[in-house]
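Q: Sharing a model that was predicted from the sequence below.
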Amino acid sequence: MSEHLEWTIHDPYTYQNLSNLEQQVIGVQTTQGSVRGVLKHVYPDHIIVEMGGTPFHIRTQEIVWFFPARSTKT
């Protein structure tokens, strides 16, 4: 049986801007709190931010704002 999957990007501008920041350190404010780490992957419905070796899967609809950040490593 063949399944047809269709992705809908709810906010194409957010998706495009996040895609430009992949593999960079970012800060993300969500409706539940904030995360700061390396943006590993950007998908149509969520992003993966790695903080302290732990991947956080964040739904794009839960993002309030985000910004490119400097790494805290010296």
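A: Now that the structure is in, tell me what you want to look at. Residues are numbered from 1 along each chain as shown.
Q: now the helices for this protein?
A: All helices of the chain, identified by DSSP state H, fall at 12-19.
Q: Nearest the geometric middle of it, what residue?
A: residue 47 (3.1 Å; C-alpha atoms, centre = their mean).
Q: Now tell me which helix or strand of this structure has the poorest mean pLDDT.
A: Ranking every helix and strand in the chain by mean pLDDT, DSSP states H and E puts helix 12-19 at the bottom, with a mean of 92.
Q: just checking, what packs against it?
A: Counting contacts by 3 or more C-beta pairs under 8 Å, 6 or more residues apart in numbering; DSSP states H and E, helix 12-19 packs against strand 33-42, strand 63-68. Any C-beta I mention is one placed from the backbone N, CA and C, and that applies to glycine too.
Q: Check which residues of it are buried.
A: Within helix 12-19, the residues scored as buried using 16 or more other C-beta atoms under 10 Å are 14-15, 18.
Q: Tell me how many other residues surround residue 68.
A: If you count neighbours by other C-beta atoms under 10 Å, residue 68 ends up with 12.
Q: Return the per-residue confidence for it.
A: Per-residue pLDDT puts residue 68 at 96.
Q: I figured it was touching residue 25, is that so?
A: Yes - at 7.3 Å, residue 68 counts as touching residue 25 under the criterion of C-beta atoms under 8 Å.
Q: List the contacts of the residue nearest to the centre of the chain.
A: Counting by C-beta atoms under 8 Å, 6 or more residues apart in numbering, residue 47 touches 18, 28, 39, 41, 57-58, 60, 63.
Q: any low-confidence regions in this structure?
A: Low-confidence segments of the chain (pLDDT under 70): 1-2, 5-9, 71-74.
Q: swap the cut-off to 90 and go again
A: Applying pLDDT under 90 to the chain picks out residues 1-13, 44, 70-74.
Q: contacts for stretch 57-64?
A: For stretch 57-64, contacts defined as C-beta under 8 Å, 6+ apart pick out 10-11, 14-15, 18, 28-32, 35, 44-49.
Q: Repeat that for stretch 39-46.
A: Identification of contacts with stretch 39-46 by C-beta under 8 Å, 6+ apart yields 7-10, 15, 18-19, 21-26, 47-50, 55, 57-61.
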